[in-house]
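[1] let's see this in three dimensions:
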Amino acid sequence: MTALQEENAQPWGRFTLVSKNPAEDSDHLYFTDNVTTIGRNKRRCDLVINKLFISSVHCVVRLDGTNDTGKPIVKLEDKSRNGIWVNADRLGKGASMQLGSGFTVHFTKPGTTPAGITPMAYKFEFLHTVHGSSLPVSLEREGTDEVLENVDMTVVADDLFEATQLTSPADLSSLSDRKRKRLDEDVAAVTVATYEDESELESTKRQLKLVESKVKTTEAQVGLKKGLEQTVQAQVDKLAKENLELMVKLTTMTAESFQLKTDLAAKDKDVEVKIREATTKSLEAVSAETVQLQEDASTKEKAMELKIKQSLTKTFEAVLEAKSQEMAIKLKEATKKYQQKVETEHYEERREMSEKMAAYANENEKLYTALGMKDEELAECSDKIASMQDEITALEGKVTILSAKEKNVAASEERIAELEKKFGVSKDENAEILELLAAAEEKIVAAENKAAKADIAASAAARTNASNNTDVSEQHELQQSIFSLREELEIYRAELARREEEHKHRKATTSVAPTATATSIAAHSIPQGEDADALRAKLAAALGLFSQVQVLGIQAQQYRSPPLSLSAEDGQHNAEGDPKPTLNTKKPANKAAKDCIGKAKVERTQTLKRSPIDANTTAANGSDWEMVE
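    Residues are numbered from 1 along each chain as shown. Down below sits the predicted model:
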């Protein structure tokens, strides 16, 4: 083999046990291969940890070469059921993690280890670089002769040696001596010794495994060195003989261990029986003692109760006497205080009552003076009441007068209602009169126009015929009568307007103060009726004059249009260019006037039928008509 292969056969790292102080070299786990399995199953694992909480294959440590900087890459894969913690972080089954120098690997949960399980924690360390030349410190200390001996031991060892898990030959004598000494000790010491033997056996087993691993490394070295084969073979023979001797010793030790176990089991049974008998006896004695103690305690309790009752009664009587004396003293003091308080209160009440009586006397004097003043006031009030009764009687008389006046006012109100009705009728009549006046005015205007035209025609006729002087005088009279009629119409209009204003004023005054104006309205009602009749008479006279005006207008028309005719023979014109009219006097004027008067009568009768005028006014109008005729 080459030097590189020899170097690869050496351990490149290890798990250093840190949960045990002090820790032995056999407690550590060394890694020589690229893949190392750790667990409880011997056939499947490279490194065996015989603990119940360790799985058959607990974990796998792999060396995956180096990184870019030349440092080795080590990964830890978890295959356990209970779990592995790296730096207090749990991996989980099937998970892997890269390990670095100084990482702590816990096979038990850190901080919370259950009872009966010892904590197990390892610290990972690199012993040397993967491709370096340096060797581990532990291997440098060992010599080559020791390595060769270990190689011979691993060659001869078989499955029986692994199953027994015994210690090294150097420790067999000491173990036997210890066990012989411990057989004479108590049962408890024997159990402790057996536990220690088992732990020592486990440590020897670990040492043997370490030796096996070392033998593997040395086998490679032995194979490389051909010159040392013979010496190694001789040493192997020696080791084989020693192994055979060790096997014999192991068989004897196993037989002794089985014998010790059987003896220990028998002693355990004897101890258990003795303990049971002792416990039963002690229980019976204790029960008897407890019964006796209970009886004694009950008697003592009864006696104590009687004593306590007697002492309580005595103390209670003494306390009652003391309290009764205290209460008597307190009652005397309280009665004295109450008497003093009552005396002071009575004195104050008497003083207050005397003050109140003096105040009441003063108030009575004031009340007597007030009563005298009230009596005087009552006398004055009685005088006033008598005067008021006289006034009331006078007022009752006035009330009777006022009631009579109210009756008169009611009658006057009824008259006012009748007058209002008459005023309404007079309003309607005034409206009709105004309409008649408007029609008369229009007719007067038309008559004036006709008269003007008649004047023109008369002037023309006066030029032609001097015999018409009488007609001219009549025309002048007609004009004067028209002017007089117009003046009368204006007077009638002014009077109607004045009467309407008076009517409005009276109506307003009657609505404001009907009681004050009722008598005056009743006093003026009769002359108002007379004024209305006079007004109707004047209107009838005006209508008669109007009929006369109409007659005169008709006469003027006769002079102007139909009677006027131009002589066909005289085709002459005056200086102004107007034709010279010629009068036709065949139709007499009186007949035309009579026709006009008849037409006026007919129109008057038609208007009387339309207007609501009473019998007196119609009679007056009839007389007027007769006068006009």
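[2] domain-wise, how is this protein divided?
    Domain ranges of the chain: 1-135, 429-628, per automatic domain parsing.
[3] could you tell me the least trusted of those domains?
    Lowest mean pLDDT within the domains of the chain: domain 429-628, at a mean of 60.
[4] tell me which stretches of the chain form helices.
    3-9, 137-141, 144-156, 159-164, 172-183, 187-224, 229-464, 469-512, 514-560, 589-610, 615-628 (DSSP state H).
[5] low-confidence ranges, the stretch 251-400 of the chain, go.
    Counting by pLDDT under 70, the stretch 251-400 of the chain contains no low-confidence residues.
[6] change it to 90
    Applying pLDDT under 90 to the stretch 251-400 of the chain flags residues 251-328, 330-372, 374-400.
[7] same check, this time on the stretch 101-250 of the chain
    101, 108-120, 126-250.
[8] same thing but at 50, please
    The model of the stretch 101-250 of the chain has pLDDT under 50 over residues 130-173, 186-193.
[9] so what's the residue nearest to Leu91 when sequence neighbours are not counted up against?
    Spatial nearest neighbour of Leu91, excluding adjacent residues (CB to CB, 6 or more residues apart in numbering): Asp78 at 4.0 Å. Just so you know, the C-beta spots here come from the backbone N, C-alpha and C atoms, and that holds for glycine as well. The contact partners of Asp78, by CB atoms under 8 Å, 6 or more residues apart in numbering, come to Cys59, Ile84, Leu91, Gly92, Lys93, Gly94, Ala95, Ser96.
[10] rerun at 6 Å
    By CB atoms under 6 Å, 6 or more residues apart in numbering, the contact set of Asp78 is Cys59, Ile84, Leu91, Lys93, Ala95.
[11] repeat for Phe15
    Listed by CB under 6 Å, 6+ apart, the contact set of Phe15 reads Leu29, Tyr122.
[12] is Lys123 in a bridge, and if so with what?
    Thr16, Thr104 (DSSP bridges).
[13] what sits against it?
    By CB under 6 Å, 6+ apart, Lys123 lies in contact with Thr16, Val18, Thr104.
[14] mind redoing it with 10 Å?
    By CB atoms under 10 Å, 6 or more residues apart in numbering, Lys123 lies in contact with Arg14, Phe15, Thr16, Leu17, Val18, Ser19, His28, Ser101, Gly102, Phe103, Thr104, Val105.
[15] which among the residues you listed count as buried?
    Listed as buried from these are Arg14, Phe15, Thr16, Leu17, Val18, Ser19, His28, Phe103, Thr104, Val105; burial here means 16 or more other CB atoms under 10 Å.
[16] from these, which is closest to Ser403?
    Thr104 (134.2 Å; CB to CB).
[17] so what's the closest one up against?
    Contacts of Thr104 (CB under 10 Å, 6+ apart): 15-16, 18-19, 85-88, 110, 121-124.
[18] what two of these have the greatest distance between them?
    The largest separation in the contacts of Thr104, counting by CB to CB, is between Thr16 and Ala88 at 17.5 Å.
[19] quickly note the distance from Lys20 to Thr112.
    Remark: distance between Lys20 and Thr112 (CB to CB, to the nearest Å) = 19 Å.
[20] how about Ala541?
    Note on Ala541: its distance to Thr112, by CB to CB, is 150 Å.
[21] so between these two, which is more surrounded?
    Higher neighbour count among Ala541 and Thr112: Ala541, with 17 against 7, using other CB atoms under 10 Å.
[22] so what's Gln479 up against?
    Ala447, Glu448, Ala451, Ala452, Ala454, Asp455, Leu552.
[23] 7 Å instead?
    Ala451 (CB atoms under 7 Å, 6 or more residues apart in numbering).
[24] kindly report the same for Gln259.
    Applying CB under 7 Å, 6+ apart, no residues contact Gln259.
[25] now it: how far from Glu355?
    The value you get for Gln259 to Glu355, if CB to CB is used, is 126 Å.
[26] repeat for Ser101
    According to CB to CB, Ser101 and Glu355 sit 113 Å apart.
[27] and if you look at Glu345?
    In terms of CB to CB, Glu345 sits 16 Å off from Glu355.
[28] likewise Leu47?
    120 Å.
[29] how many neighbouring residues does Glu343 have?
    When neighbours are counted by other CB under 10 Å, Glu343 registers 10.
[30] now swap in Ile73 and tell me
    14.
[31] give the contact list for it.
    Asp64, Gly65, Thr66, Asn67, Gln98.
[32] which residue packs closest to it, ignoring adjacent ones?
    Nearest residue to Ile73, sequence neighbours excluded (CB to CB, 6+ apart): Asp64, at 4.4 Å.
[33] for that neighbour, give its distance to Lys71.
    11 Å.
[34] cool, and Glu501?
    To Lys71, Glu501 is 139 Å away according to CB to CB.
[35] higher neighbour count, these two?
    Set Glu501 next to Lys71 and count neighbours by other CB under 10 Å: Lys71 wins out with 13 against 10.
[36] phi and psi next, for that one.
    Per-residue torsions, Lys71: phi -80, psi 140 (degrees, to the nearest 10).
[37] please tell me how far it sits from Ala240.
    44 Å.
[38] and Thr217, by the same measure?
    20 Å.
[39] so which of those two has more stuff around it?
    It is Thr217, of Thr217 and Ala240, that has more neighbours when counted by other CB under 10 Å, with 21 against 14.
[40] circling back to that earlier point, Asp390: which of the contacts of Lys123 is nearest?
    Nearest to Asp390 among the contacts of Lys123 is Thr104, at 136.1 Å by CB to CB.
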